[in-house]
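S.K.: Take a look and give me a structure for this.
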Amino acid sequence: MLNEGLAFLLEVVAIVALAWWGFTIGDNVLLHIVLGVGTPVAAMVLWGLFAAPRARFKVALPLVLLVKAVVFGAGALAFYGVGHPTVAIVFAVVVVLNTALATLDREAHFRATA
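M.R.: Down below sits the predicted model:
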């Protein structure tokens, strides 16, 4: 239960990092708006379609993990892009540990019910 709460918090942090990066990249105000809104929205749509617990499409675990890697990886890169490389590394390490634990828990649950 605690790991699931952390997973949700990490998802929110990734979205916030993407918005932060988008609103600060470049010198063009229109670009700030497009990237600041569009990047996190694209990540949320991708997540909602394939990686969320109630995802629109039920896909195999490797695709779920790929989507998580893309969204969380983009979040880590966003932290790096706004000048916080240490936060990017810590975020990436916590995401990897959290996702590994969640995946192991999911597999154990499916084995127990099979």
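S.K.: burial of L35, as a residue count?
M.R.: 20 (other CB atoms under 10 Å). Heads up, the C-betas are built off the backbone N, CA and C, glycines and all.
S.K.: now it, nearest residue through space, not along the chain?
M.R.: Leaving aside its sequence neighbours, L35 sits nearest to G22 (CB to CB, 6 or more residues apart in numbering; 3.3 Å).
S.K.: and that neighbour, how many residues sit next to it?
M.R.: G22, neighbours per other CB under 10 Å, totals 23.
S.K.: Could I get the pLDDT score of it?
M.R.: Listed pLDDT for G22 reads 96.
S.K.: Is it within a helix or a strand, and which one?
M.R.: Taking DSSP states H and E as the definition, G22 sits inside helix 2-24.
S.K.: now for that helix, which elements pack on it?
M.R.: Applying 3 or more CB pairs under 8 Å, 6 or more residues apart in numbering; DSSP states H and E, one finds that helix 2-24 contacts helix 29-50, helix 61-81, helix 85-113.
S.K.: And the ones you listed: which comes nearest L9?
M.R.: Closest approach to L9 among the helices and strands packed on helix 2-24 is made by helix 85-113 (9.2 Å; CB to CB).
S.K.: any chance of the helices and strands packed on helix 2-24 in TSV, with distance to L10 and mean pLDDT too?
M.R.: Output for these, formatted as TSV (distance: least, CB to CB, whole Å; pLDDT from 0 to 100):
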stretch	distance to L10	mean pLDDT
helix 29-50	11	96
helix 61-81	7	96
helix 85-113	6	85
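S.K.: Show me which of those has the highest average neighbour count.
M.R.: Mean neighbours per residue, mean count of other CB atoms under 10 Å, is largest over those for helix 61-81, with a mean of 18.
S.K.: now that helix and helix 2-24, what's the angle there?
M.R.: 50 degrees (axes from the mean of the first three to the mean of the last three CA atoms, to 10 degrees).
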